[in-house]
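Q: Give me the fold of what follows.
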Amino acid sequence: MSTGMTNLVRTLDSVDFLKLDRRTFMKVVGTIGATAFLTNYQTEIVNALEFAETKIIWLHGSECTGCSESLLNGGNPDVAQALTKLNVNLAYHETLCAQQGIWNDGKLVNTSELNSEILLEELYKEGNYILVVEGSIPNGPDGSGRYLVIGNKTFKETLGEAAKNANAIIAVGACAAYGGITSADSDVAKDTDYRGVAFAKTDSSKGMLKELGIDKPVINIPGCPAHPDWILLTLGAVILGKIKIPDDLPAALDQYGRPKVFFPPDHTVHDNCPRRGYYDRGLFDEQVGGPNCLWKLGCKAPYAHADCGIRKWNGSVSMCTQAGGPCIACVEPGFPDSSRPLYVEAEDEGIAGANIDTVAKVAVGAAAVAAGVHAVRRMKGE
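A: Next up, the predicted model:
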């Protein structure tokens with residue numbers, strides 16, 4: 001943890017964070033991260049939850065399971081510690097469940113302990129759970145949803161059944177949020193018709209819940225994959241009642257259903273990129289492996305609204321651009337089509353209204369402003 005983050009945590013040690021208003025709570029936990037939130041306030045969390053147990057049903061649609069892997073790879077706290085502290089019962093997760101769907105002559109057989117399909121049906125009837133969806137939902141062919149069938153049932157139908165009795169719905173990853181890679185333009189896109197839970201790319205009128213006639217709000221946690229902090233802190237806020245659904249969602253979420261605290265509308269990955277100083281000096285790599293700004297290699301950080309540059313990944317060690325990979329704006333609703341071609345400079349688009357080559361020439365040629373645009377902004381206090 002950085003010195004600044006450590007000092008912030010120490011400052012907050014004397015604060016009863018459960019008494020903070022909901023907006024301040026989200027800002028605090030969004031800043032300090034899942035590790036500090038769950039570790040430093042575990043006693044208060046336990047007291048707040050008392051003996052209430054929160055059930056989670058985690059469904060998998062068309063995806064690579066990368067978001068579950070991201071969550072499982074999160075450390076300090078790991079997902080088991082986090083779920084324990086939040087008193088969560090991960091009642092169903094297709095990747096982790098030991099049960100299988102057992103059929104005999106077209107009928108489900110055995111018990112919920114051995115048959116995952118029976119377990120799901122029982123959980124639906126009990127209600128009172130948070131539904132997490134990972135992966136997109138195919139509507140094709142011809143609205144049947146039969147491009148994805150699990151347990152003799154289309155995933156489209158499964159989502160509808162699970163959504164009806166859910167207390168809250170969270171779409172994790174670019175695919176569940178907006179369709180993601182599965183919805184990329186192709187010769188078969190119209191036939192498969194992959195959709196997100198509440199959006200089809202940027203279109204909220206074509207989300208799968210709308211297709212099913214289900215009117216329920218959805219919190220989107222995009223990314224390919226989503227950051228463990230984004231997932232855990234959002235779950236924590238919902239479980240602890242710091243996000244009241246649906247009352248708080250208009251203020252807490254942006255127009256694409258993303259929590260503003262992690263995906264700020266007025267902030268991009270570019271703003272806090274570790275390579276930002278090279279951009280300010282007009283230094284751009286044109287081959288992979290250099291130390292400079294990655295814009296000319298297709299970096300889309302100026303158009304990606306996420307806190308990756310502050311939060312970082314893999315235990316706050318690094319991030320895509322720091323490791324030499326151009327940002328592909330995987331948190332944006334138009335991804336991947338809005339980011340393609342991924343590793344080619346977006347020649348017709350500039351940053352902050354300026355052509356990138358113009359910015360470079362000004363930055364290089366004006367010795368008096370060698371500190372660059374970023375430094376000038378800092379001096380102005382912007």
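
Q: And the contacts of the helix or strand harbouring Ile310?
A: Applying DSSP states H and E as the criterion places Ile310 in helix 308-311. Helix 308-311 is contacted from outside by 33, 227, 229, 262, 269-274, 301, 319-321, 327, using CB atoms under 8 Å, 6 or more residues apart in numbering. C-beta: built from backbone N, CA, C; applies to glycine.

Q: beta partners of Ile150?
A: With DSSP bridges as the criterion, Ile150 is bridged to Lys153.

Q: show me where this structure has strands.
A: In the chain, the segments counted as strands under DSSP state E are 54-60, 88-93, 103-104, 107-108, 129-134, 137-138, 149-150, 153-154, 166-172, 194-195, 219-221.

Q: and Gly179, which of those is closest to it?
A: Gly179 lies closest, by CB to CB, to one member of the strands of the chain: strand 194-195, at 4.9 Å.

Q: just checking, what packs against that closest one?
A: strand 137-138 (3 or more CB pairs under 8 Å, 6 or more residues apart in numbering; DSSP states H and E).

Q: Check the contacts of helix 308-311 for the minimum pLDDT and say which it is.
A: pLDDT is lowest at Gly33 among the contacts of helix 308-311; the value there is 89.

Q: pretty sure that one contacts Pro228?
A: No - when contacts are counted by CB atoms under 8 Å, Gly33 is not listed as touching Pro228 (9.5 Å).

Q: So the two - more neighbours on which side?
A: Legend: neighbour count by other CB atoms under 10 Å for Gly33 and Pro228, higher for Pro228 (26 against 23).

Q: ok so, going back, compare the strands of the chain and say which comes out lowest on pLDDT.
A: Of all the strands of the chain, strand 103-104 has the smallest average pLDDT, which comes to a mean of 78.

Q: Given it, what are its sheet partners and their directions?
A: Assessed with DSSP bridges, strand 103-104 is paired to strand 107-108 (antiparallel).

Q: what number of residues lie near the nearest residue in space to Leu232 that is not next to it in sequence?
A: Leaving aside its sequence neighbours, Leu232 sits nearest to Ala34 (CB to CB, 6 or more residues apart in numbering; 4.4 Å). If you count neighbours by other CB under 10 Å, Ala34 ends up with 25.

Q: same question, the one 5 residues further on
A: The local packing of Thr39 (other CB under 10 Å) involves 16 other residues.

Q: Repeat that for the one 4 residues further on.
A: When neighbours are defined as other CB under 10 Å, Thr43 has 9 of them.

Q: repeat for Leu72
A: By the criterion of other CB under 10 Å, Leu72 has 15 neighbours.

Q: how about it, what does it touch?
A: Asp78, Val79.

Q: circling back: could you provide the strands of the chain in CSV, with additional columns for mean neighbour count?
A: Supplementary listing: the strands of the chain in CSV, determined by neighbours: other CB atoms under 10 Å:
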stretch, mean neighbour count
strand 54-60, 21
strand 88-93, 18
strand 103-104, 11
strand 107-108, 12
strand 129-134, 26
strand 137-138, 30
strand 149-150, 16
strand 153-154, 17
strand 166-172, 24
strand 194-195, 28
strand 219-221, 28
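
Q: Out of these, which gets nearest to Ala184?
A: Closest to Ala184 of the strands of the chain is strand 194-195 (CB to CB; 8.8 Å).

Q: Contacts for the closest one, please.
A: Looking at what lies outside strand 194-195 - CB under 8 Å, 6+ apart - the contacts are 62, 136-139, 175, 179-180, 182-183, 206-208, 211.

Q: same question, stretch 238-254
A: With CB under 8 Å, 6+ apart, stretch 238-254 has contacts from 18, 22-23, 25-26, 45, 48-49, 54, 86-88, 130, 167-168, 170, 217, 219-220, 234, 236-237, 259-261, 263, 265, 305.

Q: My guess is Thr154 contacts Gly140. True?
A: No - with contact defined as CB under 8 Å, Thr154 does not count as touching Gly140 (10.6 Å).

Q: shared neighbours of those two, anything?
A: Joint contacts of Thr154 and Gly140 (CB under 8 Å, 6+ apart) are Arg146.

Q: one step back: what's the offset of the helix holding Ile310 from the middle of its chain?
A: 13 Å (CA atoms, centre = their mean, to the nearest Å).

Q: pLDDT of that helix, averaged?
A: 94.

Q: picking that back up, closest one to Lys107 out of the contacts of helix 308-311, please.
A: His227 (42.2 Å).

Q: give me the number of residues near the closest one?
A: Neighbours around His227, by other CB under 10 Å: 25.
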